[in-house]
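Chemist: Show me the folded form of this:
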Amino acid sequence: MADRTAAAPKARTKSIKRYNKYGYIFLIPFAAAFIIFQLIPLVQTVYNSFFENYKSGLKMIGPNFIGLDNYKTLFASGDFLIYFKNTMIMWVMGFIPQMAVALLLAAWFTDVSLRLKGQRFFKTVIYMPNLIMASAFALLFFTLFSDNGPVNSFMIQLGLISKPYQFLAHIGSTRWLIAFMNFLMWFGNTTILLMAGMMGIDTSLFEAAEVDGATSTQIFWRITMPLLRPITVYVLITSLIGGLQMFDVPQILTDGSGDPMRSSMTLIMYLNKHLYSKNYGMAGALSVILLIITGILSLIVFKFTASKQVES
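Modeler: Numbering: from 1, shown residues only. Predicted coordinates for the structure are as follows:
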């Protein structure tokens, strides 16, 4: 009897191990794709960052090992800090209204007492810009806000301006256009994520708060927002990563120049210029720095929000 009892756990362990191997088999495609398309390029990029490897005319210089000289050149020129500032400014200009509008819409759509009609239609409409290619979106706005575009024609007809306003010739208007496009493309996705978080909150908490006499504003800030923190952290970090990778919209809108006065030049546009000129050493160094910055900023956001959650 004792032998049978001892043999049962062993048989169960063997059965679990036998089934576990199927899990590892299903992981093979992901592991292979990760190694081929992410890990190997990452290692190659870090390797290239330590070499002098660029094209001068028709002659290719390098690869010659130069250590950290590419990194020193990036920081010494000052361009990196300027383009980093540009990137963060335009990301913040788009992210703040994106979160505000998404929170408002998510609260409306999940509030049963409002009984909004046509919710499926409106959810589809607000998510549709996310399905449009950023290049097509940027080209559309380039046409709309050009000197002879529909926006200028409409403003002249209304008597708001006497001559066409050059939207892409002023720093503020160019940055606001880029931020506005990013807002339009992503606020629908953010709304869906926040709605999913709100719908996962236990309704009994809201009912108990209403019984205690809490107002709608108090319920939102004291119950909804604290319980939404995991979703908001996810949205913030993913939006931050996307903001640091901002490329297609400003690239097309400014024809790759980052004008006026390089005020809309982003880090990825700067990286693209190095790749276009076949300066693989500088491009590799910039990619590594961008990876480090993304990791540091994401860690800061996560640690800051985690500490806030512990305090609350």
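
Chemist: Which positions in the helix or strand in which Leu236 is found come out as buried?
Modeler: Under the criterion of DSSP states H and E, Leu236 resides in helix 229-244. Neighbour-count burial for helix 229-244 flags Ile231, Thr232, Val233, Val235, Leu236, Ile237, Ser239, Leu240, Gly243, Leu244 (criterion: 16 or more other Cβ atoms under 10 Å). (Each C-beta comes from the backbone N, C-alpha and C, glycine too.)

Chemist: That helix packs against which elements?
Modeler: helix 79-110, helix 171-199, helix 280-311 (3 or more Cβ pairs under 8 Å, 6 or more residues apart in numbering; DSSP states H and E).

Chemist: Least confident of the ones you listed, on average?
Modeler: Mean pLDDT is lowest for helix 280-311 among those, at a mean of 84.

Chemist: Return the list of helices and strands in contact with that helix.
Modeler: Using 3+ Cβ pairs under 8 Å, 6+ apart: helix 280-311 touches helix 40-48, strand 51-56, strand 59-65, helix 69-77, helix 79-110, helix 229-244, helix 267-276.

Chemist: wait, which of these is closest to Ala285?
Modeler: helix 69-77 (3.7 Å; Cβ to Cβ).

Chemist: other SSEs contacting that closest one?
Modeler: Looks like helix 69-77 contacts helix 280-311 (3+ Cβ pairs under 8 Å, 6+ apart).

Chemist: Could you check how far the residue most central in space within the chain is from Thr217?
Modeler: Closest residue to the average C-alpha location of the chain: Gly242 at 2.2 Å, with Cα atoms, centre = their mean. Look at Gly242 and Thr217: by Cβ to Cβ, to the nearest Å, they are 31 Å apart.

Chemist: so what's the closest residue to Trp91 other than its chain neighbours up against?
Modeler: With sequence-adjacent residues excluded and distances taken as Cβ to Cβ, 6 or more residues apart in numbering, Trp91 is closest to Gly243, at 3.0 Å. By Cβ atoms under 8 Å, 6 or more residues apart in numbering, Gly243 lies in contact with Thr87, Met88, Met90, Trp91, Gly94, Phe95, Asn182.
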